[in-house]
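Q: Sharing a sequence plus its predicted fold:
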Amino acid sequence: MKHLILGAVSALALGVTGAVAQDYPTKEIQGIIQWGAGGSTDTVMRSVTPHAEEALGGTIVMQNVTGGVGAIALNQVANGDADGYTLMMGAENPLLYKVMGLGDKDYNDFTPINILARGTPILVAGPDAPFDDYAGMMQFIADNPGDLRFGSTGPGGLPSVVTAMIESVEGDLDVIFVPYDGDGPALTALQGGAIDVMPAVLGAAVEGIRAGTMKPLAVFDNTASSALPDVPTISSAQPDYESLLPWGPFFGVFVKKGTPDDVVAKLSDAYATGAEAEDFKALMDGRGFTMMNISGDEASDFLTKWQETTAWLMQDAGLTKTSPEEFGIARPGE
Amino acid sequence: MEMLSAFFMVFTHPQLLMLVGLGTLAGVYVGAIPGLSVTMAVSILISFTFSWDVHPAIALMIGIYMGGVYGGSRTAILLNIPGAPSAIATAMDGYPMAKRGEAGTAIGVTTVMSFFGGFIGIGVLALAAPFVSDFALGFQPRDYMLLAILGILLVGSLSGGSLVKGIFAGAFGIALGAVGMDPLTFTERFTFDLPVMRSGISFIAVMIGMFGVSEALAQLHHVDTVAVKQKISRIVPSFGTIRKHLPLSLQTSTIGVIIGALPGTGGDIAALMAYDHAKRVTRNPEREFGDGAIEGLVAPETANNAAVGGAFIPMMTLGIPGDAVTAIMIGALFIHGLNPGPMLMVDQPDMFWFIVGSLVVANFFMLIFGLTGIKIFTKIVEMPRAVLIPLILLLSIVGAYAVNNSITDVYWMLGFGVLGYFMRYYGYPLGPVILGVILSRLLDDNWRRAIISAKGDFGLFMQGIVTSPLSLVLFIAVIFIFVNQTPLWPMIKRRVFGRGKAAE
């Protein structure tokens, strides 16, 4: 009798799980946004998700879970069930958590649903800076060692990676790094004259550049940006950068590893369709982001390559807490 | 002409008018519940209004913003629990009034003065936005640091009884604010290697615990006392009252607009600074501050509503948020295909005038909703304590959880509630703790930025202060207010006045 009941229960349970995967979604899906309301990640996720919901035929309720440089959100999703009902909506940072000593999990514990878009870094200066381009800035640093004030957002942020790139090409920079909470506050400080140069994501600086409240020095890419076609690329100023680029922060939607394949497929299709929406593409274009819309193996390869390049760049600049080697992150080209 | 039609757009479209009204009404309630914040409401609205046109979406958000900033005062006055950080100062004189049965009068004054402050903020936004934003942008890290020091000197005003205990509480608050991963270098501070401490202690959890839970615990002492009957015959303050406080409210509104316009400081700091200012300039208050002085309501409430208009100034002119709510609104504008930035005023001036128009309408709705329904609100305080206390606890728990959807915050909140109760019991003021938490980051981050920019050289740093007119004024204000609070001051005053008399 006991066995019979047990058998019936497990059969029922199996039946139920089967049904869940087939009819997915049968309930509300939670979207955990890794960064605060109003930020880039938040804006991207809140504008693409309604289109994905439409394609999916379900509801995705988004909430911002901030703190610990996004690690709180990552751990929350990683500790949940791998059933596709909790989505991790994040940016590039988790790929550096291990080497920066911020956590023991990264996107290797997740399956990518869609890498939506990537940003392009740009080097901007205040309107009164005594130089107009990258070469002029390097000359100024050489002539006035220790005088130029660079904005930064702490180790692991975009400015620290860009600075690590500059140092890997040009050698150590004799400048002052003034830390800010994010590129928004730092760009505000740039316009107020509290710092002189800031490596920022293009989208955050584009309006200021158009209005002349900031001066663009170089776009950190091999090809010019469609949003700012007149700004020279860094590799045209210094060809040594070519091998390090393109590099940029990105936005992606993830689920915990182990989520059933058909659920991953459904979600991937939904977000792929959502990312094709005209107003989303227009938004990304206007903010200077490059659309990617990749999933599956293509996305996994992208993540691996990104992690290798960046982690070793940080390691060589002496900014990491633990060597990428410890975590089996291969040096690019090896 | 186009400017006028954009300004009046919200008046002539019944749908928009309704949305602003709805938003304001919802905002008053969201603001009144501790833990449910305007920031949260507006960020939920971004998804909710995604498919709408930009005008109705912005109209609704502006309503919530205006109503929410005001709504924080409700629970501050009635229950001694500020519904939002910007209402902390309001509780200090509002609650003593409610204890006397004058909650109706307190709410009336608060409403009218919030309306007045709101208008000053909107007026400055409409008439002098580019000028104010240039001024705000000129604030260097050292100026923010001096501003934070100026804020810390408010401890004297917020302490009430013992200054020593106040300083202790303030220092405790500053230490609390420093807990967690330092966002500038990612170094852990005061975390004792516990993962739970890494992301810091939620400021809202501290606030709700210290004010909400500790108040509920303190009320348990009087669980059998019959609640004070509230007089609600005279709600709208007389014209004479308003005229009497006009000079003060103009000054505190100015404080509100400027602090609100500074990126990095908002209505909470504005309200506390205004309260301190009122305490300093009011010579003979009818009642002592902390005991139910009207001036103690007028100052913070004008300032925090004036800060709303102020926060829009850098947002509209530069695309830089003046506070957390305007940061989300910038995101909303992006989603709706606008490009907030320095060019917005040039490319789409009608958006600016539409926002100004909506703010005006929201301000009127705030006045209407504020002055009606007071009867129901005052009934809350007349409830038996056995019902009221569990209700406060429930609201506190929901509020603390809602901030980050984190159960850890609820435990922090309860812990600080118990601590707050004992602090009250032994006469330690709670205001300075919150002040310390609010100002901790502002002080710490900007001091480090300033000294790093000066290459770690204190001489160079001081040289920066002396050569910049703005820094110099702030520095002198710091010295003046500091000396003003020490026993040295009466001595100096006597000397100076004494000589003056001798010369006659």
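A: Sure thing, it's come through. Numbers count the residues shown, from 1 in each chain, chains lettered A, B, ... in the order given.
Q: other SSEs contacting the helix or strand containing residue B:166?
A: Per DSSP states H and E: residue B:166 is located in helix B:163-178. Helices and strands in packing contact with helix B:163-178 are listed as helix B:155-159, helix B:431-453; criterion 3 or more C-beta pairs under 8 Å, 6 or more residues apart in numbering or on different chains; DSSP states H and E. Where you see a C-beta, it was placed from the backbone N, CA and C, and this is true even at glycine.
Q: what's in contact with it?
A: B:152, B:155-156, B:158-160, B:189-190, B:201, B:203, B:206, B:423, B:427-441, B:443-444, B:485 (C-beta atoms under 8 Å, 6 or more residues apart in numbering or on different chains).
Q: Can you list the low-confidence ranges for the stretch 151-300 of chain A?
A: Regions of the stretch 151-300 of chain A meeting the criterion pLDDT under 70 are absent.
Q: need the contact list for residue B:360.
A: B:119, B:122.
Q: re the thing from before, out of the contacts of helix B:163-178, which are buried?
A: Buried members of those, counted by 16 or more other C-beta atoms under 10 Å in any protein chain shown: B:152, B:155-156, B:158-160, B:201, B:203, B:206, B:423, B:428-441, B:443-444.
Q: Look through the stretch 301-450 of chain B and state the residue closest to chain A.
A: Of all residues in the stretch 301-450 of chain B, residue B:341 sits closest to chain A, at 2.5 Å by C-beta to the nearest C-beta.
Q: Give me the neighbour count for that residue.
A: 25 (other C-beta atoms under 10 Å in any protein chain shown).
Q: Could you measure from residue B:90 over to chain A?
A: Residue B:90 sits 26 Å away from chain A, going by C-beta to the nearest C-beta, to the nearest Å.
Q: That residue and residue A:288, how far apart?
A: Computed with C-beta to C-beta, to the nearest Å, the distance linking residue B:90 and residue A:288 is 43 Å.
Q: before we move on, back to that, for the residue of the stretch 301-450 of chain B closest to chain A, which residues are in contact?
A: Contacts for residue B:341 were tallied using C-beta under 8 Å, 6+ apart; they are A:206-208, A:210-211, B:318-319.
Q: Please repeat the previous calculation with a cut-off of 6 Å.
A: Shown here is residue B:341, whose contacts under the criterion C-beta atoms under 6 Å, 6 or more residues apart in numbering or on different chains are A:207, B:319.
Q: coming back round to it: distance to chain A added to the helices and strands packed on helix B:163-178, as JSON lines?
A: Rendered in JSON lines, the data for these read as follows (distance: least, C-beta to the nearest C-beta, whole Å):
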{"stretch": "helix B:155-159", "distance to chain A": "26"}
{"stretch": "helix B:431-453", "distance to chain A": "5"}
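Q: returning to that earlier point: who has more neighbours out of residue B:90 and residue A:288?
A: Just comparing residue B:90 and residue A:288: by other C-beta under 10 Å the higher neighbour count belongs to residue B:90, 29 against 22.
Q: How about the secondary structure of the more buried one?
A: Under DSSP: H, G, I helix; E, B strand; the rest coil, residue B:90 falls in the helix class.
Q: I'd say it and residue B:300 touch.
A: Yes - judged on C-beta atoms under 6 Å, residue B:90 makes contact with residue B:300 at a distance of 5.1 Å.
Q: what's the pLDDT at residue B:275?
A: The predicted local confidence for residue B:275 comes out at a pLDDT of 91.
Q: Could you measure from the nearest residue to it once chain neighbours are set aside over to residue B:9?
A: The shortest distance from residue B:275 to any residue that is not its chain neighbour, by C-beta to C-beta, 6 or more residues apart in numbering or on different chains, is 3.9 Å, and that residue is residue B:89. Distance check for residue B:89 against residue B:9: by C-beta to C-beta, it reads 35 Å.
Q: And the two? Which one has more around it.
A: residue B:89 (34 against 18).
Q: Would you confirm that the more buried one contacts residue B:276?
A: No - between residue B:89 and residue B:276 there is no contact under C-beta under 6 Å: 8.5 Å.
Q: give me every residue that touches residue 223.
A: Going with chain A. By C-beta under 6 Å, 6+ apart, residue A:223 has no neighbours at all.
Q: actually chain B
A: Applying C-beta under 6 Å, 6+ apart, the residues contacting residue B:223 are residue B:385.
Q: Next one, pLDDT for it please.
A: On the pLDDT scale, residue B:223 is placed at 77.
Q: Any figure for the gap between it and residue B:384?
A: Going from residue B:223 to residue B:384 by C-beta to C-beta gives 9 Å.
Q: Residues of chain A that sit close to chain B?
A: A:37-38, A:43, A:46-47, A:50, A:63, A:67-68, A:72, A:149, A:154-155, A:178-179, A:181, A:188, A:191-192, A:194, A:207, A:210-211, A:213 (C-beta under 6 Å from any C-beta of the partner chain).
Q: sorry, back to before: centre of the chain to the next helix or strand after the helix holding residue B:166, how far?
A: Secondary structure here is assigned by DSSP H and E; on that basis, the next helix or strand after helix B:163-178 toward the C-terminus is strand B:180-181. The chain centre lies 25 Å from the centre of strand B:180-181; the measure is C-alpha atoms, centre = their mean, to the nearest Å.
Q: what's in contact with the helix or strand following strand B:180-181?
A: Scanning the chain past strand B:180-181 towards its C-terminal end, the next helix or strand to appear is strand B:188-189 (assignment: DSSP H and E). Taking contacts as C-beta under 6 Å, 6+ apart, the residues outside strand B:188-189 that touch it are B:178, B:181-182.
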